[in-house]
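# The following comprises the amino acid sequence and a computationally predicted model.
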Amino acid sequence: MARIVQKRQHQLAVAEVRELAEGLAEQLVSEFGGRYRWRANTISYRRSGVDAQIDCAEDAVTVDIKLGLMVSPLKGAVESEVVKMLDKYLA
């Protein structure tokens, strides 16, 4: 199992960060399927072979992704996409 963890500091309101995180989750669902749900300020996203959390704290966003055995070879591509999205939305 491969794991990807990315954390970015921000100066946005939590509501703004939640809105951005929800947009990211909706994009994941439309591109790859699966589903997501909110628990407090954390989104949990699941699909076959992928388990991800997006934590929207007051000062940082943390993305934690666990890739199953079949998806692990894509770790580099997935991590690159996560970094690109975080840079785009939190720059």
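Looks like it came in fine.

# buried ones in stretch 21-35?
Across stretch 21-35, burial judged by 16 or more other Cβ atoms under 10 Å covers 21, 24, 25, 28, 34. Using the backbone N, CA and C atoms, a C-beta is placed for each residue, glycine as well.

# cool, stretch 46-53 as well?
Using 16+ other Cβ under 10 Å as the burial criterion, the residues of stretch 46-53 that qualify are 47, 49, 50, 51, 52, 53.

# and what of stretch 65-74?
Buried positions in stretch 65-74, judged by neighbour count with 16+ other Cβ under 10 Å: 65, 66, 67, 71.

# Just the element for the second one, please.
Pointing back at residue 66 there. strand 60-67 (DSSP states H and E).

# quick one on the thing from earlier: list just the nearest of the buried residues of stretch 65-74 to residue 89.
residue 65 (16.3 Å; Cβ to Cβ).

# residue contacts, the closest one?
3, 4, 5, 50, 51, 52, 53, 78, 82 (Cβ atoms under 8 Å, 6 or more residues apart in numbering).

# rewinding a little: now the angle between strand 60-67 and the helix or strand following the strand holding residue 66, please.
Downstream of strand 60-67, the next assigned helix or strand under DSSP H and E is helix 75-90. Helix 75-90 runs at 160 degrees relative to strand 60-67, counting by axes from the mean of the first three to the mean of the last three Cα atoms, to 10 degrees.
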